[in-house]
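Student: The following comprises the amino acid sequence and a computationally predicted model.
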Amino acid sequence: MKMKNKLNIILWMMCALLMTQITLPVIQAEEASSSDLSESEATEEKDESEESDIYDYEAMENLDMEPLAYSEYESLEDIVYELLAKYGLDASQIGLAYTNLQTDDAYYLNEDEQFIVASMYKVPMVAMFIDLINQGYLTWDSELPYSEEYYQDGAGEITANPKQAYYRLDDLAYQAIVYSDNTASLILYYYYVNNFGSFRTGLLDFVDFYEVPEVYYYDNYGSAYMMNLSLQKIATDDTYAHVRDLMMQTSPKQLFSLFVNDMATKYGRYENMLNDSGIFYQDDEPIYSLVVMVSDDLYADMFIAELNLRVNEWTLAQTEASES
């Protein structure tokens, strides 16, 4: 077995062990009595506590993740390629799109390449149903029909429990995003197709982007660029606040949310594809959106987790440097 695979397997086993535990606690600064602190000391402690809330330091320590040495890098690209080398991945295996939602700065790698997006499609799909609600076609209480052909194995209560003839739209959306319930998602998907036409075309309409190859229409394909467009729309338009709330609840904690808190995320796993997409929030403001898709490497979990950690550290360091 190649050294790359040995390293990846060891790291994945460590990550999987963490995933079996109760949600990892966030390390927070100890609280001190306000009577024992001056105003400036209280402010400093509050700032330190808020900063500590960004990262899960216990997970970082358990997996030997040191803080980013920001001054050693000239660009986000330098960080990305260092991580590719660390985890033995080739750049051709990656589709990546990053947008700083405060400055509009962006970084892309193979952003127009088509990959199987797996469960990441569920986020824009629920957003598309919100549009249908706002257009008067449905309500959150609308009941959508179930058929045996919609069943697909996986996580989630709708998949696991005895089937009903109909399910509330609100329950389907919750299960599809929070637990990535495949059956719930297919009920939504086929309801859209049967009543409103091609989902693939509807998705393009949602992101207002149509420069896609023919293969896009024949399977669950998408590009990092297109999926990032959907995140930007959801992050910046309060019409989709409910989608953001659901993404904040995704379970279990993994990939983008392994080290970074306050991430609204939706991952996707399918055969040899491993993907994640997310929006990072600070003080209820969207700071950046990120999509990464990895093909032909089922042990890319730690690459994706560390990538978001370093993107986060880089983004916040850039902001601090611009304000100083």
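Tutor: That came through fine.

Student: Just the terminal-to-terminal distance for stretch 53-69.
Tutor: End-to-end distance of stretch 53-69 (C-alpha to C-alpha, to the nearest Å): 20 Å.

Student: mean confidence for it?
Tutor: The average pLDDT within stretch 53-69 is 93.

Student: Can you give me the neighbour number for the nearest residue to Q102 once chain neighbours are set aside?
Tutor: Excluding its sequence neighbours, the residue lying closest to Q102 (C-beta to C-beta, 6 or more residues apart in numbering) is I287, at 6.2 Å. No exception for glycine: its C-beta is placed from N, CA and C like everyone else's. Counted with other C-beta atoms under 10 Å, residues neighbouring I287 total 19.

Student: wait, doesn't I287 sit right on T99?
Tutor: No - if you go by C-beta atoms under 8 Å, I287 and T99 don't touch, sitting 10.1 Å apart.

Student: Can you pull out the low-pLDDT segments for the stretch 201-324 of the chain?
Tutor: Along the stretch 201-324 of the chain, the parts satisfying pLDDT under 70 run over 298.

Student: Apply 50 and report the result again.
Tutor: Counting by pLDDT under 50, not a single residue of the stretch 201-324 of the chain qualifies.

Student: what about the strands in it?
Tutor: In the stretch 201-324 of the chain, the strands defined using DSSP state E, counting those that start in this stretch lie at 221-222, 263-270, 273-282, 285-295.

Student: A118: which of these is closest?
Tutor: strand 263-270 (2.8 Å; C-beta to C-beta).

Student: Are there helices or strands packed against the closest one, and which ones?
Tutor: Where contact means 3 or more C-beta pairs under 8 Å, 6 or more residues apart in numbering; DSSP states H and E, strand 263-270 is packed against helix 241-248, helix 256-259, strand 273-282.

Student: export the shortest one as CSV, just CAs?
Tutor: When you say that, I think you mean helix 256-259. Provided in CSV are the C-alpha atoms of helix 256-259 (Å, rounded to 0.1, in the frame of the first residue of the first chain):
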residue,chain,number,x,y,z
PHE,A,256,-16.1,21.7,7.0
SER,A,257,-17.6,21.7,10.5
LEU,A,258,-15.0,19.4,12.0
PHE,A,259,-12.7,22.3,13.1
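
Student: what does that helix rub up against?
Tutor: Contacts to helix 256-259, defined as C-beta atoms under 8 Å, 6 or more residues apart in numbering, come from residues 15, 18, 55-56, 59-60, 65, 250, 263, 265, 267, 276-278, 290, 304-306, 308-309.

Student: The nearest residue to I54 once chain neighbours are set aside - how many residues pack around it?
Tutor: Leaving aside its chain neighbours, I54 sits nearest to N261 (6.0 Å; criterion: C-beta to C-beta, 6+ apart). Residues lying near N261 (other C-beta under 10 Å) number 17.

Student: Ok, F256 next?
Tutor: For F256, the tally of surrounding residues (other C-beta under 10 Å) stands at 28.

Student: if I look at it, how far off is M293?
Tutor: The spacing between F256 and M293, counted by C-beta to C-beta, to the nearest Å, is 13 Å.

Student: those strands in the stretch 1-150 of the chain, which residues are they?
Tutor: With DSSP E, counting those that start in this stretch, the ranges of strands along the stretch 1-150 of the chain come out as 94-100, 106-109, 115-116, 143-145.

Student: Please name the residues that touch the residue nearest to I54.
Tutor: N261 neighbours (C-beta under 8 Å, 6+ apart): V26, D53, I54, Y55, D56.

Student: Can you list phi and psi of Q152 for me?
Tutor: phi -150, psi 130 (degrees, to the nearest 10).
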